[in-house]
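1. sequence? don't have it. structure:
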């Protein structure tokens, strides 16, 4: 996994991933379609509620790699890995535009785990309960790796 960012570059999408089953690693794909009030088309987590799409900072994944874990994008079941967004400092209700069309609204930071899932056993550590961010899709659209992420007013 390699991500480099210059000081003047904008926050961006560095990985997109989907899975057909919950609690498993996701498969990286070059683009996804976000569907309003549902999530990512074809992803197991798509549906109503406030956890339609999951985000994780690539910086968090890189930190674990630097500690010796053999992990990569999708290993924590995140849908969208980003660069340049400090998700833990983003207030609930904040909206972000992804690419040209899609808009999401942050609904949760972290999640409660009810046991150790396959991700914990495969990766040795799961950071989604502490550092994962979950959003609902306000406006659908196509999102591609490399797309810029912009904070927008509600």
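-> Structure received. Keep in mind the model is a prediction, meaning the values are calculated, not measured.

2. What segments of the chain are helices?
-> 58-66, 118-123, 128-131 (DSSP state H).

3. Return the set of buried residues in the last one.
-> When neighbours are counted by 16 or more other CB atoms under 10 Å, the buried residues of helix 128-131 are found to be 128, 131. No exception for glycine: its C-beta is placed from N, CA and C like everyone else's.

4. now do stretch 26-33
-> 26, 29, 32.

5. picking that back up, which of the helices of the chain has the lowest mean pLDDT?
-> Lowest mean pLDDT within these: helix 118-123, a mean of 62.

6. so residue 26 makes contact with residue 80?
-> No - counting by CB atoms under 8 Å, residue 26 stays clear of residue 80, with 10.1 Å between them.

7. joint contacts of these two?
-> Taking CB atoms under 8 Å, 6 or more residues apart in numbering as the criterion, residue 26 and residue 80 both touch residue 17.

8. helices and strands of this protein: which one has the lowest mean pLDDT?
-> Ranking every helix and strand in the chain by mean pLDDT, DSSP states H and E puts helix 118-123 at the bottom, with a mean of 62.
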